[in-house]
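K.L.:
after the sequence you'll find the predicted model.
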Amino acid sequence: MHPRCVKIIVMVSSVLVGLSCDESLSKLTGPTPNLQPTFSSIQRDIFNASDSSGRPPCTRCHTDVGRTPSGGINLRTEVAYANLINVPSRKPGVFRVVPGDPEHSYIIHKLEGRSDIVGVRMPNGGPYLSDGQILVIRRWIELGAQNN
């Protein structure tokens, strides 16, 4: 096969793979099809917004506007990042988000409803985040939980 044909096939294949990855991510995240593993996307699509599953925004409870934030976690845009990263949770010895380590990030335990959590699975009463939505949050943490 001619080298030029090989280059064209490789380029077309790369484009198709890239498109299928984007399509897969939007299918994976279900009720939040634009969700990306960035803090700004998680803030916009999870913390601040409800979604098509009927899940309320996290800031419905986790805000200091007119109330004390549930669990002491204020997820308003201006303060959310500082209230999550390397901040101890109410469970002794556990941190809310440990950059690079989703398994030791208590937010993942709360979102998945693991047996080791204090209180109830989040969001309280559901509907809960989909496995795909949680996977995107896990990925953001794996990538270092950047303020991006």
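P.N.:
Noted; the coordinates are in hand. Numbers count the residues shown, from 1 in each chain.

K.L.:
give me the buried positions along stretch 36-44.
P.N.:
Residues of stretch 36-44 classed as buried by neighbour count (16 or more other CB atoms under 10 Å): 36-39, 41-44. C-betas here are computed from N, CA, C, even on glycine.

K.L.:
how far away from the center of its chain is it?
P.N.:
Distance of stretch 36-44 from the chain centroid (CA atoms, centre = their mean, to the nearest Å) equals 7 Å.

K.L.:
how far does it stretch from start to finish?
P.N.:
Stretch 36-44 has an end-to-end distance of 10 Å (CA to CA, to the nearest Å).

K.L.:
ok, back up a step: which among the buried residues of stretch 36-44 gets closest to Arg67?
P.N.:
Gln43 (19.4 Å; CB to CB).

K.L.:
the closest one - that's part of a helix, no?
P.N.:
Yes - assessed with DSSP: H, G, I helix; E, B strand; the rest coil, Gln43 lies in a helix.

K.L.:
and it, what is it in contact with?
P.N.:
Counting by CB atoms under 8 Å, 6 or more residues apart in numbering, Gln43 touches 75, 77, 80.

K.L.:
return the residues in contact with Glu112.
P.N.:
Shown in contact with Glu112 (CB under 8 Å, 6+ apart): 121, 134.

K.L.:
for it, what are phi and psi?
P.N.:
Main-chain torsions, Glu112, degrees, to the nearest 10: phi -90, psi -10.

K.L.:
where's it relative to Ile134, distance?
P.N.:
6 Å (CB to CB, to the nearest Å).

K.L.:
what of Arg96?
P.N.:
For Arg96 relative to Ile134 (CB to CB), the value is 15 Å.
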